[in-house]
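Undergrad: Sequence below, structure please.
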Amino acid sequence: MQCLEHVRLPANKALGQHFLRNESAISRIVQVVAAGASVLEIGPGAGAITVPLHARVGALTLIEKDDRFAKHWQQYCDLSPHFNVIHGDVLRCLHDAVATHNPQWIVGNLPYNISGPLTALMSSLLLSGGMVLMYQREVGERILADPGSKTYGGLSVLVRHHYMPSRLLSLPPGAFSPPPKVHSVVLRFLPHGRTPPCSWDVLQRCVRIGFAHRRKTLRNNFRNILTAQDITALDIDPGCRGEQLPYSSWTRLANAVEKRGQRVKGLT
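TA: Got it, this is the predicted structure:
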């Protein structure tokens, strides 16, 4: 394959860019991905992960919003087979990119300002390989949190629809240029191989409602959708809060809501 070259351009703070420069971390991230795989990288930026990843995989597609970096990577499209660049906002083009290029893996040093909604979006995608993603430490801890934890929330539930998340490594601010004001973590998401027991779309809507008011009970948050008796019939205490429910309980709620088929505000 044509050898890619790093870009020497300053980070754009407005886009939340912080370029990874720790060689050990870069190597560990790249080595998780199976050799010869088809990969989608989000936000390649200066190419710290992109260059070694391109040398390892069989096909690589990049999604880059920054005009400067997109222009740099696009010059390789005609020279390197199985290399593609999508110049756009990942929140708008992710699903089309996955449908078109069919990646086995997604890799990314995610822009911290959109990592929450982007992770929710990616959790709907079942990839045969998995994902290796970098987060602000606090976001990573929310994703890994177990029921009952104060950090357990919607992302904790949604990512478990298709994946088992785990911590790959932790990184201090000095691992990046420019250094962010926060610590970072890299998480690995591997498919758990089980058939999801409910629709992801309905699960997402239920999670949104269940965590809309964290201090309220399920009885109150779902009062216009399910009765306390309905929730009890699912072997769930209607006096519980959303943060107390494991993924399996959320799927039972989602199936009950879907079966009820009510089109109410927040569920359409």
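Undergrad: For the protein, which segments are assigned as strands?
TA: For the chain, the strands defined by DSSP state E occupy 19-20, 38-42, 59-64, 83-87, 105-109, 130-136, 163-171, 176-177, 184-191.
Undergrad: quick one: average confidence on the third one?
TA: Read that as strand 59-64. Taken as a whole, strand 59-64 has a mean pLDDT of 97.
Undergrad: Adjacent strands (with direction) for that strand?
TA: strand 38-42 (parallel), strand 83-87 (parallel) (DSSP bridges).
Undergrad: Okay, buried residues for the last one please.
TA: Of all the residues in strand 83-87, those buried under the rule 16 or more other C-beta atoms under 10 Å are F83, N84, V85, I86, H87. In this view, the C-beta of every residue, glycine as well, is placed from N, C-alpha and C.
Undergrad: Give me the domain ranges for the chain.
TA: 13-191, 200-260 (automatic domain parsing).
Undergrad: Including distance to C3, could these go into a markdown table?
TA: As requested, the domains of the chain are arranged in a markdown table below (distance: least, C-beta to C-beta, whole Å):
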| stretch | distance to C3 |
| --- | --- |
| domain 13-191 | 8 |
| domain 200-260 | 39 |
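Undergrad: mind checking which of these is nearest L4?
TA: Relative to L4, the nearest member of these by C-beta to C-beta is domain 13-191, separated by 5.0 Å.
Undergrad: How about the contacts made by E243?
TA: P147, G148, S149, K150, Y152, G153, F211, R214 (C-beta atoms under 8 Å, 6 or more residues apart in numbering).
Undergrad: Please identify which pair of the residues you listed lies farthest apart.
TA: Most distant of the contacts of E243, by C-beta to C-beta, are G148 and F211, 14.1 Å apart.
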